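1. Have a look; sequence and predicted model below, questions after that.
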Amino acid sequence: MRRFYLRITLALFASLAVFALLAGLTAGLLRLFDEPAARSWPETTAEIAERLLPAGADRTSLASELAFWSERSRFDLALLSPTGDLIARAGDAHELPSTIPNHERRDRIFRAPGGIYALTFQDGRRLIAVPKARFDSVHALRFPLALLGLALAVAIGFYPLIRQLTRRLEQLEAGVAKFGEGDLGARVVVKGKDEIAKLAATFNGSADRIESLMNAHKLLLAHASHELRSPLSRLRMAIERLKNAPSDAAAQSETARNIAELDALVDEILLASRLQAAEPTKEPVDLAGLLAEECAAFDVEAVLANPAAAPMVEGDPRLLKRLFRNLLENASVHGGPDAPEAMIASGESEVRVSICDRGPGVSASDRETIFEPFHQGRASAGGAGLGLALVRQIAERHGGGVRCLPRNGGGACFEVELPLFVRKDAPKGSQPTER
């Protein structure tokens, strides 16, 4: 059962159905137990009549017989004269019912409303039988007490099901409490496919993301503090040189370069933090135009594999520009004297952007780790060490990815793949990005 509310609803209906069934059975059993005499009364009438009919019987003997049959049949019995006077009685009742049934037929049992039985003899006397339960308060409470017992039995029977549901909620509460107390590794067990399971899975996913963000921030701060020391130390030395020689051109150039490096590092750190904190703004973006704009700043020509189509993606144009800029800067720094190569091609559902250089390339062991923050290698040479890490983060935030491949003839190619944007109102099977 996948839905939590269905489980509760079905459990409620099942408990009500079981309760109603057991209540009906109990009522039937109580009736059979409380009125055995009512069923046996017709069979015992003839025998009672034979004992009571003899003429001239005294009141003492009649009372004795009535007491015998009252105890046996669980009826209060009363023998009345033809005129209605009491001859003898037996049982716990202190008064007869206000309405005593009467009829003309003799030797026949007559049942009046309320479970009162009457038998008129040939000589006109009448035998009245009243069930003892009418005057017994304990008997009157049997059915309510039985219903109460049934309710308790049903509650006990369905307790394991209710407890199973509440136990999962308690486990979820305990996991959330541990996480709130600072245990970022706290998770809860996901059982089933109902709302509680979905809530537990959502909590685990959120906890994973928060833990990864916290770890990423710790790593970022640790590496950033290390990376900041180098330009700050160089800047301090350049300032000391400028104190002694204010016109030292080399010191001035070194100072400007270190300030620019610090500015770039701070900018990349802030961008990395923003990428981890919130989703980027998404809008249709002309990827070919955006790439051409960035390539122009590096004096690189962007080649469009299919000039008849302008591939569109959905994303944040500022972040995508930063992605292209970081790749072009990386290719310019490590590509040697030759200019980088940029090409864009679109498939049925994706857009691929390749930026290649003719540098020394990237070893097979570094092609994945090169995208880690502050990777000590090609990614960190001449930069802050966050450039390619930001490329991967931006690509993944746009539903795509990036990989490093060897270039034919030497060098490295960085290939970014992003999902192609298709307008909802475009005809099925058509290319919505055609000019």
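-> Yep, it's here.
2. helix, strand or coil for residue 267?
-> Of the three states, residue 267 takes helix according to DSSP: H, G, I helix; E, B strand; the rest coil.
3. whoops, residue 343 was the one
-> Assigned state for residue 343: strand (three-state reduction, three-state DSSP).
4. correct me, but it touches residue 305?
-> Yes. Using CB atoms under 8 Å, residue 343 is in contact with residue 305, at 6.2 Å. C-beta here means a position set from N, CA and C on the backbone, and glycine is covered the same way.
5. These two - which one has more neighbours?
-> residue 343 (17 against 13; other CB atoms under 10 Å).
6. burial of the spatially closest residue to the more buried one that is not a sequence neighbour, as a residue count?
-> Once flanking residues are discounted, residue 343 sits nearest to residue 303: 4.4 Å by CB to CB, 6 or more residues apart in numbering. Look at residue 303: counted by other CB under 10 Å, it has 16 neighbours.
7. Kindly report the same for residue 262.
-> For residue 262, the count of nearby residues is 18 (other CB under 10 Å).
8. same thing with residue 412?
-> By other CB under 10 Å, the residues close to residue 412 number 25.
9. Can you name the residues bridging to it?
-> Counting by DSSP bridges, residue 412 forms beta bridges with residue 357, residue 406.
10. Check the one 5 residues further on too.
-> When bridges are assigned using DSSP bridges, the partners listed for residue 417 are residue 352, residue 401.
11. For residue 320, give its distance to residue 148.
-> Using CB to CB, to the nearest Å, residue 320 is found at 71 Å from residue 148.
12. Who has more neighbours out of these two?
-> Taking other CB under 10 Å, residue 320 and residue 148 do not tie; residue 320 has more neighbours (23 against 11).
13. wouldn't that one be in contact with residue 289 here?
-> No. Counting by CB under 8 Å, residue 320 does not reach residue 289; the two are 10.8 Å apart.
14. What pLDDT is listed against the closest residue in space to residue 187 that isn't next to it in sequence?
-> Leaving aside its sequence neighbours, residue 187 sits nearest to residue 204 (CB to CB, 6+ apart; 5.1 Å). We note a pLDDT of 90 for residue 204 in this prediction.
15. in what helix or strand does residue 204 lie?
-> Using DSSP states H and E, residue 204 maps to helix 195-244.
16. That helix packs against which elements?
-> With contacts taken as 3 or more CB pairs under 8 Å, 6 or more residues apart in numbering; DSSP states H and E, helix 195-244 sits against helix 4-34, helix 142-180, helix 249-277.
17. Can I get the helix or strand immediately after the last one in the chain in PDB? Just the C-alpha atoms.
-> It refers to helix 249-277. Next helix or strand after helix 249-277 toward the C-terminus (DSSP H and E): strand 283-286. Provided in PDB are the C-alpha atoms of strand 283-286 (Å, rounded to 0.1, in the frame of the first residue of the first chain):
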ATOM      1  CA  GLU A 283      15.900  31.600 -19.500                       C
ATOM      2  CA  PRO A 284      16.400  30.700 -23.100                       C
ATOM      3  CA  VAL A 285      20.000  31.400 -24.200                       C
ATOM      4  CA  ASP A 286      21.500  31.600 -27.700                       C
END
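18. Give the next helix or strand downstream of strand 283-286.
-> helix 287-297.
19. What residues of that next one count as buried?
-> Under the neighbour-count criterion of 16 or more other CB atoms under 10 Å, helix 287-297 has 287-288, 290-292, 294-295 buried.
20. neighbours of residue 357, just the number please.
-> Using other CB under 10 Å, residue 357 is surrounded by 25 other residues.
21. got the contact list for it?
-> By CB atoms under 8 Å, 6 or more residues apart in numbering, the contact set of residue 357 is 330-332, 334-336, 338, 340-341, 407, 411-412.
22. Extract the residue ranges of the stretch 151-300 of the chain that are flagged as low pLDDT.
-> Applying pLDDT under 70 to the stretch 151-300 of the chain flags residues 154, 216, 219-230, 246-248, 251, 261, 264-265, 268-280.
23. which of the contacts of residue 357 count as buried?
-> Among these, those buried by neighbour count (16+ other CB under 10 Å) are 330-332, 334-335, 340-341, 407, 411-412.
24. what helix or strand does residue 391 sit in?
-> Assigned by DSSP H and E, residue 391 falls in helix 387-397.
25. Give the buried residues for that helix.
-> 387-395, 397.
26. what's the angle from it to helix 195-244?
-> 150 degrees (axes from the mean of the first three to the mean of the last three CA atoms, to 10 degrees).
27. what packs against helix 387-397?
-> Counting by 3+ CB pairs under 8 Å, 6+ apart, helix 387-397 packs on helix 249-277, helix 317-334, strand 401-406, strand 412-419.
28. Now with 7 Å, please.
-> Other elements packing on helix 387-397 under the criterion 3 or more CB pairs under 7 Å, 6 or more residues apart in numbering; DSSP states H and E are helix 249-277, helix 317-334, strand 401-406.
29. Dump the last one to CSV, restricted to CA.
-> What follows is strand 401-406 as a C-alpha-only set of coordinates in CSV (Å, rounded to 0.1, in the frame of the first residue of the first chain):
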residue,chain,number,x,y,z
GLY,A,401,28.4,17.9,-17.6
VAL,A,402,32.0,18.4,-18.7
ARG,A,403,34.8,16.1,-19.5
CYS,A,404,38.4,16.3,-20.6
LEU,A,405,39.5,14.4,-23.7
PRO,A,406,42.8,14.1,-25.5
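30. Give me the contacts around that strand.
-> For strand 401-406, contacts defined as CB atoms under 7 Å, 6 or more residues apart in numbering pick out 361-362, 367, 370-371, 391-392, 395, 412-417.
31. Go again with 8 Å.
-> Residues from elsewhere that reach strand 401-406, judged by CB under 8 Å, 6+ apart: 361-362, 366-368, 370-371, 391-392, 395, 412-417.
32. Buried ones in that strand, by neighbour count?
-> Neighbour-count burial for strand 401-406 [16+ other CB under 10 Å]: 402, 404.
33. now the angle from that strand to helix 317-334?
-> 20 degrees.
34. OK, contacts around residue 286?
-> The contact partners of residue 286, taken as CB under 8 Å, 6+ apart, are 310, 312.
35. on that earlier part again, any chance of the buried residues of helix 287-297 in JSON lines with distance to residue 86 as columns?
-> Shown next, in JSON lines, are the buried residues of helix 287-297 (distance: CB to CB, whole Å):
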{"residue": "287", "distance to residue 86": "111"}
{"residue": "288", "distance to residue 86": "116"}
{"residue": "290", "distance to residue 86": "114"}
{"residue": "291", "distance to residue 86": "117"}
{"residue": "292", "distance to residue 86": "120"}
{"residue": "294", "distance to residue 86": "118"}
{"residue": "295", "distance to residue 86": "122"}
